[in-house]
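1. dropping a prediction and its sequence here:
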Amino acid sequence: MKNSKNIGLVLSGGGFKGVAHIGAIQAFEEANIVPKYISGTSAGAIVGSLYAGGYSPEEIKDFFKKTPIFKFNRFTRKKAGFLDSEKFLDDLKTFFPDNSFEALQKKLCITATNLVEGTTKVFDTGELIKPILASAAFPGVFTPVMIDGELYADGGILDNFPIQPLKKKCDFIIGIDVSPIKKPKITDFKHSYNVMQRAYYLRAMPNAEVKFKQCDIVVQPKKLVNHGIFNSSSLEKVYDMGYEEAKQQISLFLKNQENDSGDKK
């Protein structure tokens, strides 16, 4: 890693558990491990775009604190979702006044799902905010987003761990996954969003875990299984889980590097 010039960072989806991404990024910053390239989907697209825009972990966390999701005026009746994705435009314009990938400080890729074609689309040039909203449009909850005549929704539907855009650009890849799952009980399915969350995980996780082996460091806070993707009440706890798990994985990686160096002598 000491000789790595192009460090990449993969950020998974996971709803409000994406706050753990921020804690993990803080830990990597403290260890002076700073990515040049970022690929994110869903919650990872939001965190990744803010980080690529030059905002500090503390500022990104503040964004999640001050941006209410279930605000009354965000609800819609005549669109394909409970919440209108485009009503979050103004929240993001404050942070991205230039509204373009080219204005960011780091190279960023965002993935979303083309609902008609059933394919993954990688956005990395041009308009920024609509791809962010599309990538985070959790099916059934947030309305899909129209971009250039195509309809897009959550990138995690087909690929919840978008490592592919980084593979040819980076010689060291860090993966942060905030969607660990546990086997639920029948009594856990009390609301429609419990069913949607389970369906999302069943599709996303096998897809993601195969790709972990392609990373040099993987951060996956296991305790996140006890937190819901729409539960915003434990922000600091979720942030701390990401931070502590990242610190542990960084320490383990550096220790292994030292052992490898010793074996070569």
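-> Looks like it arrived, so ask away.

2. got the residue ranges for the strands in the stretch 1-150 of the chain?
-> 7-11, 37-41, 107-114, 119-123, 145-147, 150-154 (DSSP state E, counting those that start in this stretch).

3. for residue 32, give its distance to residue 254.
-> To residue 254, residue 32 is 11 Å away according to C-beta to C-beta, to the nearest Å. Every C-beta, even on glycine, is put in place using the N, C-alpha and C of the backbone.

4. who has more neighbours out of the two?
-> Ranked by neighbour count (other C-beta atoms under 10 Å), residue 32 and residue 254 place residue 254 first, with 14 against 6.

5. can you tell me which helix or strand the more buried one belongs to?
-> Using DSSP states H and E, residue 254 sits in helix 235-264.

6. name the helices or strands packed onto that helix?
-> Judged by 3 or more C-beta pairs under 8 Å, 6 or more residues apart in numbering; DSSP states H and E, the packing partners of helix 235-264 are helix 19-30, helix 57-66, strand 217-219.

7. do you know which of the ones you listed lies nearest residue 195?
-> Closest of those to residue 195 is helix 19-30, at 23.4 Å (criterion: C-beta to C-beta).

8. ok now the closest one, how far from the chain's centre?
-> The gap between where helix 19-30 is centred and where its chain is centred comes out at 12 Å by C-alpha atoms, centre = their mean, to the nearest Å.

9. where does the stretch 51-200 of the chain have low pLDDT?
-> In the predicted model of the stretch 51-200 of the chain, residues 68-75, 77, 80-82, 181-184, 193-194, 196-200 satisfy pLDDT under 70.

10. could I get the helices and strands packed on helix 235-264 in TSV, plus columns for mean neighbour count?
-> Compiled in TSV, the helices and strands packed on helix 235-264 are given as follows (neighbours: other C-beta atoms under 10 Å):
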stretch	mean neighbour count
helix 19-30	25
helix 57-66	16
strand 217-219	23
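
11. got the contact list for residue 130?
-> Contact analysis of residue 130 by C-beta atoms under 8 Å, 6 or more residues apart in numbering lists 145, 147.

12. how close does it get to residue 56?
-> In terms of C-beta to C-beta, residue 130 sits 25 Å off from residue 56.

13. what's the residue nearest to residue 49 when sequence neighbours are not counted in contact with, if anything?
-> Excluding the flanking residues, the one nearest residue 49 by C-beta to C-beta, 6 or more residues apart in numbering is residue 132, at 5.3 Å. Counting by C-beta under 8 Å, 6+ apart, residue 132 touches 45, 46, 49, 92, 110.
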